[in-house]
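K.L.:
Here you go, sequence then predicted model.
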Amino acid sequence: MAVDKPEILLIGQPKPVIVGGLEPFAAVHKLAEAKDQDAFIADVAPRIRGIAVAYTANKIDGAFLSRFPKIEIVSSFGVGYDHVDAKWAGGHGIVVTNTPDVLNEEVADTALGLLLCTVREFPQAERYLRAGKWPQGGYRLTPATLRDRTVGMVGMGRIGKAIARRLEAFGVPVVYHSRNPQAGVSYKYYPKLIDMARDVDTLMVIVPGGAATKNLIDAEVLKALGPNGILINMARGSVVDEPALIKALKERTIMSAGLDVFVNEPQVPPELIEMDHVVLFPHLGSGSVATRRAMDQLVVDNLKSWFSGKGPLTPVPETPYPSKKPA
Ligand code: 8YV
């Protein structure tokens, strides 16, 4: 007797690696191609056993997941999964997976690129050249240098460690703040973020998004960072109090910021766009063809492993596998 293929809802762009990887073993319903998405979901929901989320912007909360009575697994693209209510899923026996590790080095490369661009004003200098200003005189000597800076890492997870390794190679002292000290990490640990902000002049933010880290970098932290302060955000827009950051930049409470992420992406506050002393990236931390392909593949591999009865490859901590049975 032929075994029915599991039915999977694909949310977000139907990328070739994901669609091509899923179709041999699953019936894939592509939400992005539906004219009426709500009616489409209502139609397929009773049969859906897995959801693939191809982009981190889609909100997958309890209300949404309750529409799928047979849902077993949500396989989400990206290491960050603040768009998925994993706690709710865990409480309802649904496994959530993300795509960790395969992007560590790429995001760490981008973090160093953004840091250097911000400290040494490389994008501004390039704009200067293109505007034909070089013949009138060289680009200004930058007030900031990486040579005398200490980087305070806000977060020391897998990507944080990859960034810190690079900073060490650059000869830049590293210290860190996270909820708990990390085993096997020898950099100085600060239990309080405000104390670290006071002691360093550069903050590199690389913590998970979500309620626990919302507005962690607030006006007080920025003030403690001080007038030579440079903030780099590689995490989520929500980790930084954006209006407080804009105010601090306008009033030069801090010197500059390099931002890969924003509260309301892809919308960027016009106040930031207008400022010449910030560097703004369109959330491209992991954005190379090779790394995005590896992330797409891990979205597929989690579902493939699950539906062949082998369990998920990279479940998030809120939905451990095998699940912890109540005592
Ligand atoms: C992606 C990311 O750029 O993995 C993440 O959490 O933020 C990045 O790798 C992002 O997922 C694109 O939406």
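P.N.:
That came in fine, so what should we check first?

K.L.:
Could you check stretch 301-315 and say which residues are buried?
P.N.:
Neighbour counts over stretch 301-315 (16 or more other Cβ atoms under 10 Å) mark 301-307, 312-315 as buried. Using the backbone N, CA and C atoms, a C-beta is placed for each residue, glycine as well.

K.L.:
And the pLDDT at residue 325?
P.N.:
Here the pLDDT value assigned to residue 325 is 51.

K.L.:
Quick check: residues of the stretch 151-300 of the chain near the ligand?
P.N.:
Residues of the stretch 151-300 of the chain lying near the ligand by Cβ under 6 Å from any ligand atom: 283, 285-287.

K.L.:
Most neighbours among these, please name it.
P.N.:
Ranked by neighbour count (other Cβ atoms under 10 Å), those have residue 285 at the top, with 25 neighbours.

K.L.:
so where's the stretch 201-327 of the chain shaky on pLDDT?
P.N.:
Across the stretch 201-327 of the chain, the ranges flagged by pLDDT under 70 are 324-327.

K.L.:
Helix, strand, or coil at the residue of it found nearest the ligand?
P.N.:
Closest residue of the stretch 201-327 of the chain to the ligand, Cβ to the nearest ligand atom: residue 286 (3.3 Å). Of the three states, residue 286 takes coil according to DSSP: H, G, I helix; E, B strand; the rest coil.

K.L.:
Not counting its neighbours along the chain, what's nearest it?
P.N.:
Of all residues not flanking residue 286 in the chain, residue 103 sits nearest, at 4.1 Å (Cβ to Cβ, 6 or more residues apart in numbering).

K.L.:
shouldn't that neighbour be in contact with residue 285?
P.N.:
Yes - in terms of Cβ atoms under 8 Å, residue 103 counts as a neighbour of residue 285; the distance is 7.5 Å.

K.L.:
measure residue 39 to residue 7 for me?
P.N.:
Relative to residue 7, residue 39 is positioned 17 Å away (Cβ to Cβ, to the nearest Å).

K.L.:
same deal with residue 123?
P.N.:
Taking Cβ to Cβ, one finds residue 123 at 46 Å from residue 7.

K.L.:
Leaving out sequence neighbours, find the closest residue to residue 50.
P.N.:
That would be residue 8: by Cβ to Cβ, 6+ apart, it lies 4.3 Å from residue 50.

K.L.:
Next, see if the helix or strand hosting the one you found gets close to the ligand.
P.N.:
Assessed by DSSP states H and E, residue 8 sits inside strand 7-11. No - applying Cβ under 6 Å from any ligand atom, one finds strand 7-11 separated from the ligand by no less than 12.4 Å.

K.L.:
Past that strand, which element shows up next along the chain?
P.N.:
Later in the chain than strand 7-11, the nearest helix or strand by DSSP H and E is helix 16-22.

K.L.:
Show me the domain layout of the chain.
P.N.:
Using automatic domain parsing, the domain parsing of the chain gives 7-100+290-307, 104-280.

K.L.:
ok, longest helix in this structure?
P.N.:
Across the chain, the helix with the greatest residue count (assigned by DSSP state H) is helix 289-307.

K.L.:
the inter-axis angle of that helix versus strand 7-11?
P.N.:
When axes from the mean of the first three to the mean of the last three Cα atoms, to 10 degrees is applied, the directions of helix 289-307 and strand 7-11 differ by 150 degrees.

K.L.:
now for helix 289-307, which elements pack on it?
P.N.:
Counting contacts by 3 or more Cβ pairs under 8 Å, 6 or more residues apart in numbering; DSSP states H and E, helix 289-307 is packed against helix 16-22, strand 48-53, strand 73-76, strand 95-97.

K.L.:
what does that helix rub up against?
P.N.:
The contact list for helix 289-307 (Cβ atoms under 8 Å, 6 or more residues apart in numbering) reads 6, 8, 15, 17-18, 21-22, 25-26, 49-50, 52-54, 72-73, 75-78, 95, 97, 99, 102-103, 106, 286, 311-314.

K.L.:
the strands in the protein, which residues?
P.N.:
For the chain, applying DSSP state E gives strands covering 7-11, 27-30, 48-53, 73-76, 95-97, 151-154, 174-177, 188-189, 202-205, 230-233, 256-259, 278-280.

K.L.:
just checking, which of those sits deepest inside the structure?
P.N.:
Among these, ranked by average contacts under mean count of other Cβ atoms under 10 Å, first place goes to strand 73-76 (a mean of 29).
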